[in-house]
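J.: Need the 3D shape of this:
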Amino acid sequence: MGSSSKKLRKIIGWPVMIVSGLVFVAAILWAALYVTDLMHEDVVIEGTGQNNASFTVHYFDNEIFGGNPVSSNLHFLRHFTDFIEIESSFSANFSEDLDISYTYVAEKRFVITHLGSGGANPVVFEEITELSRARGGTFGNELNFSSDSGYDEPGGIYTIFPREYMEIFLSFSEYHEQQIENEGGTSAAFRGFSAELFIEFSYSVLAMPAGINETTVRGYRIPIAQDVFVPEVFGTHSFNAVVNLTTETPIIDIYTILIFATVIAISGLGVFIGIRCISVGDSNEHHKKAKAILKKFSSEIVVSKSPMDLSNYTVMIVDEFEEILKLSINLNKHIMCYHDTEKMELCTIVDEHAYYYYIDYQGRKNNIVSDSVRLGQAANSMSELSHIKLVSDMLLADINTVDSSLRLDTKRKSEDKNRQLA
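T.: Take a look at the predicted model:
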């Protein structure tokens, strides 16, 4: 296989391997996530909330009672009461981080009821006043609103003046009595009626995706017409919610499974082909042997960028690299090397001899030497042949001279003999 073909296969192999590898990893991750969902246990989310309310009673300046606020262990005198402070705060905690939205409403509700029979007290007058409203949201696992929150936040401190509502109740009673008198009837003041003031704090919490939706309403009921009173707390103090959050597992049909298996098979085959293309150079045993020699004996080998010129040496071809290695180690000689895309040449110089080892990547035998060696050897051979030819010519000339002399002497002797016979 040529070097250009190898380079082309490597150029193609890298993109094929990378793309196939990414597809393969993505498919495996998808499968792992699906299996994890199958084995995933349901998540239990807990949420707790607490609606807190408290009050303090403040008297007019007087010589009987000490400083304000008045101790909460006592019952309170309506005629001494200047104002009542009611505080509201709220906190909630969840076992997981959730998207939490909240709504807060504070209002006061003044009602006048009639003492009906059977314990039922129908409302004959009602006045509702909103004190505060806030809404918002956050992401996390808790809410915390104190009584000193800002104006646009839930919670706060509210001041109530009971005397104002006593005046309303008195006005109602007088007007009611006047109406009765106009109709010719009689009625004692306050008979059959009662007035109360309700201060309510409502907190609503929605936590998603758990779906926790809770509302707590807490406050105080303050009697208006009683000379001695105690604010009475009412409503829900807290909530405790537990939600089992079930993880939905997608249903995969047979077609999806077949597509997934096909993607795994094709991407795996692509990775294999890409690796084969990239590692094509290592499939040549001769090339692998040359690389192994260079790597293992790098300290003994001097690599040259140009072909070796051995024309001045007698080339001694060896069949194994170890023969050159022995000479190098025993005689403390470096091994010279030249390699290209077709071959690798190794040589150790000892005096006039060049011990030469050759690896051809196509598997040709070691008696094939490089051009520089062949040219050098050819030049030496031509010189020797010219010398031999010159000696032969000289010898042939001597032989011809001797032969001519011999033929001349023979001719002279024959002529002398003929003369004598005559």
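J.: Leu258 belongs to a strand?
T.: No: according to DSSP: H, G, I helix; E, B strand; the rest coil, Leu258 belongs to no strand; its state is helix.
J.: how near is it to Glu96?
T.: Distance of Leu258 to Glu96, given as C-beta to C-beta, to the nearest Å: 38 Å. Using the backbone N, CA and C atoms, a C-beta is placed for each residue, glycine as well.
J.: Neighbour count for those two, which is higher?
T.: Glu96 (16 against 10; other C-beta atoms under 10 Å).
J.: right, and the more buried one touches Gly47 too?
T.: No: taking contacts as C-beta atoms under 8 Å, Glu96 lies outside contact range of Gly47: 9.2 Å.
J.: For this protein, which segments count as helices?
T.: Along the chain, counting by DSSP state H, helices occupy 3-39, 162-182, 254-278, 285-296, 321-331, 371-421.
J.: Buried residues in the shortest one, which are they?
T.: In terms of neighbour count (16 or more other C-beta atoms under 10 Å), helix 321-331 has its buried residues at 321, 324-325, 327-328.
J.: Likewise for the fourth one?
T.: Neighbour counts using 16+ other C-beta under 10 Å place 287, 290, 293 of helix 285-296 among the buried residues.
J.: can you list those residues in JSON lines and add pLDDT and distance to Ser194?
T.: Converted to JSON lines, the buried residues of helix 285-296 look like this (pLDDT from 0 to 100; distance: C-beta to C-beta, whole Å):
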{"residue": "His287", "pLDDT": "85", "distance to Ser194": "109"}
{"residue": "Ala290", "pLDDT": "90", "distance to Ser194": "111"}
{"residue": "Ile293", "pLDDT": "91", "distance to Ser194": "112"}
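J.: Please identify the one among those residues that lies nearest to Leu33.
T.: Ranked by distance to Leu33 (C-beta to C-beta), these are led by His287 at 44.2 Å.
J.: Look up how far Lys305 lies from that closest one.
T.: 19 Å.
J.: cool, and Ser173?
T.: For Ser173, the distance to Lys305 - C-beta to C-beta - is 120 Å.
J.: Over to Ala92?
T.: Taking C-beta to C-beta, one finds Ala92 at 79 Å from Lys305.
J.: With neighbour numbers in mind, choose between the two.
T.: Ala92 (25 against 6).
J.: If that one is in a bridge, with which residues?
T.: Beta-bridge pairing for Ala92 (DSSP bridges): Gly49, Leu143.
J.: quick one, what contacts it?
T.: Applying C-beta atoms under 8 Å, 6 or more residues apart in numbering to Ala92 gives the contacts 47-50, 100, 142-144, 205.
J.: who's in contact with the nearest residue to Glu142 once chain neighbours are set aside?
T.: Excluding the flanking residues, the one nearest Glu142 by C-beta to C-beta, 6 or more residues apart in numbering is Asn93, at 5.0 Å. Taking C-beta under 8 Å, 6+ apart, we find Asn93 in contact with 47-49, 141-142.
J.: Let's see that with 10 Å instead.
T.: 46-50, 140-144 (C-beta atoms under 10 Å, 6 or more residues apart in numbering).
J.: Those, buried ones only, as a PyMOL selection?
T.: In PyMOL, the members of these classed as buried (16+ other C-beta under 10 Å) are selected with the following command:
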select buried, resi 47+49+50+141+143
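J.: Among the contacts of Asn93, which one lies nearest to Arg221?
T.: Checking those one by one against Arg221 (C-beta to C-beta), the nearest turns out to be Gln50, at 20.3 Å.
J.: And the pLDDT for the nearest residue to that closest one once chain neighbours are set aside?
T.: Of all residues beyond its chain neighbours, the one nearest Gln50 is Ser238 (4.5 Å), with distances taken as C-beta to C-beta, 6+ apart. With respect to pLDDT, Ser238 scores 92.
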